[in-house]
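Colleague: I would like to see how this sequence folds:
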Amino acid sequence: MALSLTTDVRMIKGVGPQRAELLAKRGICTFEDLLAYLPFRYEDRIHFSNIKDIQPNGTYTIRARVMSGQAIPNKFSPNAIYHLLVQDAAGGLLPCKFFHGGYLEGRLKPGQQLVLHGKVEIDKLRPARLEMINPQLEMLGNDEPDSTEVGRIVPIYEAIGTFGSRQIRRAMYAAVQLLDSNMPDILPEALRARLGYPSRRESLIHVHFPAPEESLEALNIFRTPAQQRLIFEEFFLYQLSLALDRKATRKQNAIAFRVREEKVREALKRILPFKPTAAQKRVLAEIASDLEKPAPMNRLLQGDVGSGKTIVAALACLAAVDGGWQAAVMAPTEILSEQHRRKFRSWFEPLGVSIGWLHSGVPKKERKAMLDAQIVIGTHALIQEGAALPRLGLAVVDEQHRFGVKQRLDLRRKAEEVFPHQLMMSATPIPRTLFMTAYADLDVSVIDELPPGRKPVSTRLFADERRDEVLKRVREACAEGQQAYWVCPVIEESKDGDVQTALDTYEKLRAELKGLRIGLVHGRLPAAEKAAAMQAFVEGRTQLLVCTTVIEVGVDVANASLMVIESAERFGLAQLHQLRGRIGRGARQSVCVLLYARQSSEAAAKRLTIMKEHADGFRIAELDLELRGAGEVLGERQSGEPLLRFADLQKDGDLIEAATQAAAEMLEREPQAARAHVARWLRARQELGLQ
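Modeller: Predicted coordinates:
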């Protein structure tokens, strides 16, 4: 009997109430949810290797029975080492070693049938014999195993609590038997035929229980037609949802500002010491065109560090003020918001435009005056309860990747009379595949050239034993009238650790560089002290600024031409690029020194080499995506909320464009079906915590 896709998962044989509770914690509540829980690996259990045929450094799958097993305490670790001896049907014996295997004590009995998958190495203590190290292990029934376990390519699932891979596989086998032969498909038949994809039903059966002749290699890299179809389907539904969001946003009413060219030209002369670049002019024209429409602008402004994005955003704010509305600029840090306040005041107060600055340290009695200004600059304080901006016409979000979707929407919702235009800015370039997914509901403008006279920053690598050479370079630079930053390492375990590191480094450098005027700034300083420390550096009263990554964005001191980043191996590529962008803003050749520990990991060494060899932020962003993956770049490791469940933006990026086109076609031809698909897909994502 076929089941509806919305049938409760408890109706499936092998699940039951207790296991249903475990599944519910993963958002698996229905028949369809269970089918969407895909294997992470496949094993060939048609062709097992004989123990007598195995070779060192090879990876094998072996079917064998337990001869003996014992956990032995490890004097170097609190975890016991479990020693297992198994024998296959041909009589071959193989020792196995589990370095954290204490949990196996008492679980494996002589005669227990097992499937072992792992790498075989030469036993260091007994070079004449081989052993399998930390193999993946699955216990079979002592009776004849069923057809889900041997004689086929077997799916391996991540365990969910005590619901292990073997039990999940059996429940999944029961589930696929119940798939309706007339199961409705999301992708139109003509599209499937054009792309060579099987039906949804065939794809689900295949990914859980592939045919024996299927390529194991293709399965394990998710490249079979059925797997690619499910990935394409996910991209397709995601693109449909973005297109519907975009359509809904454009139906909102916004103010159509009249952007007066003479006003913009007058402001540009006051702001810029040089003529705007061709890229700035192009981007200003794109933004002006959006602001003059009654539909809300939803635009992302990308530009490398120092390309002049703030000037463009400031002129957009001026257009809102000129139309009698407010503009708000939200920045992720107090230092960046204070830098914006200082710049906006110098640019616009002579034109009679009032500038407000709202941050966590503003007393309550002053908040209203700040919020009543024509341009309000602030941190997260702008979106806190009680921060009213009823006449908001333009919302600007700087360093937008530092804010969540909800926070960006919260700023927009501060408006009461209209739906405000929104301009988001990022100096962290977004690789194309990421843009087409995570940001595909936005229009994009790119400032792809730097202002005239900017020299590229020279990046040098110094191992930490050469620290004395770095100190000498700092002393010489400051003696010549230059200024320098000394950026302290990131301590991931504790923000307080970052502060303590900065304090320790400050005291150490004061002893090592006697005679230099050294300042200190970190994230835990009160706003007034941070502002004072930064102002002293801006005015040249401080020669060397010891700091944490609070100076990563927004700091602009033209005379600062040297930066030392200590323990640079601890930083990510995007952060290193942002930090380096704080120098190179004057006429002098600037140098960024990456001081690193020689015993750094291979991944850290690659990052440092990339920083030395590349200055283009867009190229660095592409390489960052290759090194870390989309989840890390988008911050999913911290949030635990992946953008997509099946697709990998690095491996599957070639499918995005076709999925985008297919989604646009369905929305045009079958809008009701498109909305129904998206509603069900979004509901599933919300239940899984992905939305």
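
Colleague: Where does the prediction get shaky in the stretch 101-250 of the chain?
Modeller: Applying pLDDT under 70 to the stretch 101-250 of the chain flags residues 142-148.

Colleague: any chance you could map the strands in it?
Modeller: Applying DSSP state E, counting those that start in this stretch to the stretch 101-250 of the chain gives strands spanning 113-122, 130-139, 153-156.

Colleague: Dump the C-alpha coordinates for the second one into CSV.
Modeller: Backbone C-alpha positions of strand 130-139 (Å, rounded to 0.1, in the frame of the first residue of the first chain) are rendered in CSV as follows:
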residue,chain,number,x,y,z
LEU,A,130,49.1,-5.9,8.7
GLU,A,131,46.4,-4.3,10.7
MET,A,132,43.3,-2.2,9.9
ILE,A,133,43.2,1.1,11.7
ASN,A,134,40.0,2.7,13.1
PRO,A,135,37.8,0.9,10.5
GLN,A,136,34.1,1.8,10.1
LEU,A,137,32.3,-1.1,11.5
GLU,A,138,28.8,-2.5,11.1
MET,A,139,27.4,-5.5,12.9
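
Colleague: partner strands of it, parallel or antiparallel?
Modeller: Sheet partners assigned to strand 130-139 using DSSP bridges are listed as strand 93-98 (parallel), strand 113-122 (antiparallel).

Colleague: longest single strand anywhere in this structure?
Modeller: strand 59-72 (DSSP state E).

Colleague: helix, strand or coil for the residue in the chain sticking out farthest from the centre?
Modeller: In the chain, the residue that sits farthest from the middle, by CA atoms, centre = their mean, is Gly91; the gap is 50.3 Å. What DSSP: H, G, I helix; E, B strand; the rest coil gives for Gly91 is coil.

Colleague: Look up how far Lys119 lies from it.
Modeller: Distance from Gly91 to Lys119, counting by CB to CB, to the nearest Å: 23 Å. Any C-beta I mention is one placed from the backbone N, CA and C, and that applies to glycine too.

Colleague: mind checking how far Gln384 is from Asp410?
Modeller: 9 Å.

Colleague: More neighbours: which of the two?
Modeller: Asp410 (18 against 13; other CB atoms under 10 Å).

Colleague: re the thing from before, ranking the strands of the stretch 101-250 of the chain by burial, who's on top?
Modeller: strand 153-156 (a mean of 22; mean count of other CB atoms under 10 Å).

Colleague: packing partners for it?
Modeller: Helices and strands touching strand 153-156, by 3 or more CB pairs under 8 Å, 6 or more residues apart in numbering; DSSP states H and E, are strand 41-44, helix 165-177.

Colleague: Report the buried residues of the last one.
Modeller: For helix 165-177, the neighbour count (16 or more other CB atoms under 10 Å) marks 165-173, 175-176 as buried.

Colleague: The shortest one too?
Modeller: Neighbour-count burial for strand 41-44, with 16+ other CB under 10 Å as criterion, is recorded at 42-44.

Colleague: Same list, those, but as a markdown table with distance to Ala532 and pLDDT please.
Modeller: Output for the buried residues of strand 41-44, formatted as a markdown table (distance: CB to CB, whole Å; pLDDT from 0 to 100):
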| residue | distance to Ala532 | pLDDT |
| --- | --- | --- |
| Tyr42 | 61 | 93 |
| Glu43 | 63 | 87 |
| Asp44 | 67 | 85 |
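
Colleague: With respect to Ala603, which of these is nearest?
Modeller: Nearest to Ala603 among those is Tyr42, at 27.5 Å by CB to CB.

Colleague: What's the local residue count around the nearest residue to the closest one once chain neighbours are set aside?
Modeller: In space, Tyr42 comes closest to Leu219 once its chain neighbours are excluded; the distance is 4.5 Å by CB to CB, 6 or more residues apart in numbering. A count of nearby residues for Leu219, using other CB under 10 Å, gives 22.

Colleague: that older thread, the strands of the stretch 101-250 of the chain: which one's closest to Cys488?
Modeller: strand 130-139 (37.7 Å).

Colleague: residues in contact with that closest one?
Modeller: Residues from elsewhere that reach strand 130-139, judged by CB atoms under 8 Å, 6 or more residues apart in numbering: 54, 56, 60, 62, 94-99, 107-108, 112-123, 149, 156, 165-166.

Colleague: Give me the residue ranges of the stretch 251-400 of the chain where confidence is low.
Modeller: Residues of the stretch 251-400 of the chain meeting the criterion pLDDT under 70: 273.

Colleague: Strands of that one, residue ranges please.
Modeller: Using DSSP E, counting those that start in this stretch, strands in the stretch 251-400 of the chain cover 298-303, 326-330, 355-358, 375-378, 392-397.

Colleague: partners of the fourth one in the sheet?
Modeller: Paired neighbours of strand 375-378 in the sheet (DSSP bridges): strand 326-330 (parallel), strand 355-358 (parallel).
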